[in-house]
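[1] Whatever this is, show me its structure:
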Amino acid sequence: MSATKSAFLTIRDAAERLQVTPRTLKYYEERGLVTPSRSEGRYRLYSEQDLELFARILRLRSLGFSLQGIVEMLKRPMETQGEGRTGYSASSLREIEQALSQQIESVDARIAAVRRELKEAQTVRSELASDLDYLRRRIAGESKEALLQERLAARKQRRDIDP
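    Numbers count the residues shown, from 1 in each chain. All right, here's what the predicted structure looks like:
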């Protein structure tokens, strides 16, 4: 086998190295994010550059970026940082910062909505627990009139506390 051919990995080997499934690699290829070479038998062959690009895509996904956002991000200019390494340009970093800030704002809004939903669910649960207690006490033989008086007094007390 020549040195050039050994520099390429099969889809199984590439997936194992990136700790993803082969289907994940195919999915990103279907979305146009990576285009691997093909062998004479039409098998996918991944270069080191392909693996670096996949690793970058996976990092961006882990940060919560959508595939569409990643496509846009991959269009952003990279700059050489020495020793053959590249990184985002200063303007790209600002764009990424803005995108991450927007994502945080979106997550914060969702957290606030979930807190409101939780508070409402706790209120409903409390009301249901009160109804269940009433029914159990009625089944146990307590007086309907006494229980209703107790419930009315409890409601009045709640209204006095929470005007």
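
[2] so what does the host helix or strand of residue 119 touch, helix or strand wise?
    Using DSSP states H and E, residue 119 sits within helix 90-139. Packing partners of helix 90-139 (3 or more Cβ pairs under 8 Å, 6 or more residues apart in numbering; DSSP states H and E): helix 67-74, helix 144-161. From N, CA and C alone the C-beta is placed, and that goes for glycine too.

[3] For this structure, which helix or strand comes out least confident on mean pLDDT?
    helix 3-6 (a mean of 47; mean pLDDT, DSSP states H and E).

[4] Share the number of residues neighbouring residue 19, please.
    8 (other Cβ atoms under 10 Å).

[5] One more: the one 4 residues further on?
    Close neighbours of residue 23, defined as other Cβ under 10 Å, add up to 10.

[6] how close does residue 97 get to residue 74?
    17 Å (Cβ to Cβ, to the nearest Å).

[7] now do residue 142
    70 Å.

[8] cool, residue 159 as well?
    59 Å.

[9] ok, now residue 145?
    73 Å.

[10] Ok, residue 58 next?
    Distance from residue 58 to residue 74, by Cβ to Cβ: 13 Å.

[11] sorry, back to before: just name the most buried of the helices and strands packed on helix 90-139.
    Mean neighbours per residue, mean count of other Cβ atoms under 10 Å, is largest over those for helix 67-74, with a mean of 15.

[12] Quick one: distance of it to the chain centre.
    16 Å (Cα atoms, centre = their mean, to the nearest Å).

[13] who are the neighbours of it, in terms of helices and strands?
    Using 3+ Cβ pairs under 8 Å, 6+ apart: helix 67-74 touches helix 48-62, helix 90-139.

[14] Tell me which of those helices sits nearest to residue 154.
    helix 90-139 (7.5 Å; Cβ to Cβ).

[15] Could I get the contacting residues of the residue nearest to the spatial centre of the chain?
    Closest residue to the average C-alpha location of the chain: residue 64 at 5.5 Å, with Cα atoms, centre = their mean. Going by Cβ atoms under 8 Å, 6 or more residues apart in numbering, residue 64 touches residue 103.
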